[in-house]
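[1] Just to be clear, the model below is a prediction. Sequence and coordinates:
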Amino acid sequence: MEDELRRLAGQLPHTPAASSLDDAIPMLTEIVEVPRYDSADLPPTIADVDWPRLALRVQENVLERLLDRSNALLDEQLKIGLQAIIERTTQTLAAELHTHLQQMISELVARTVNEELTRVHDEITRAASDPQEPV
């Protein structure tokens, strides 16, 4: 089973942007700095804690830290998403240009052949009506 997992993992596409995404996510072995509360701000006993105020303060601290880290994550994800969109759009545009150019060239060749056949036909007709003029 482990060999199967390794084989499947080897088939996953490697994205060079993954390392920069990984840098924004703390590892379990890293020490994450969290804001500490001054003892003057803390109530003397658990019974004196203003839980709604404390919850709001913790929520604000967590959101602030998440926003700091999420900007890098979102920028990288946006970049990856835009690259995929630009690549698909470029492929579509290239296919449409190829089709359009192929149609234009076909029409140009058909018109040129028609003009040349008309010119040759006119020369043959002129030569047949005037037997003294060589073709």
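    Looks like it came in fine.
[2] Just the pLDDT for residue 4.
    We have a pLDDT of 64 for residue 4.
[3] my bad, should have said residue 38
    69.
[4] ok, now residue 117?
    Reported pLDDT for residue 117: 96.
[5] Same check on residue 57?
    On the pLDDT scale, residue 57 gets 84.
[6] To what extent is it buried, counted in neighbours?
    14 (other C-beta atoms under 10 Å). Every residue, glycine included, has its C-beta placed from N, CA and C.
[7] Equivalent analysis for residue 61, please.
    Other residues close to residue 61 by other C-beta under 10 Å number 13.
[8] Assign it to helix, strand or coil.
    The three-state assignment at residue 61 reads helix, by DSSP: H, G, I helix; E, B strand; the rest coil.
[9] low-scoring stretches of this protein, by residue?
    The model of the chain has pLDDT under 70 over residues 1-38, 131-135.
[10] how about the helices of it, start to end?
    2-11, 18-24, 51-129 (DSSP state H).
[11] mind putting those in JSON lines, distance to residue 44 included?
    Converted to JSON lines, these look like this (distance: least, C-beta to C-beta, whole Å):
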{"stretch": "helix 2-11", "distance to residue 44": "54"}
{"stretch": "helix 18-24", "distance to residue 44": "39"}
{"stretch": "helix 51-129", "distance to residue 44": "14"}
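[12] between the ones you listed, which one is nearest to residue 39?
    helix 51-129 (14.3 Å; C-beta to C-beta).
[13] Show me what that closest one is packed against.
    Where contact means 3 or more C-beta pairs under 8 Å, 6 or more residues apart in numbering; DSSP states H and E, helix 51-129 is packed against helix 18-24.
[14] right, so of the helices of the chain, which gets closest to residue 42?
    helix 51-129 (9.1 Å).
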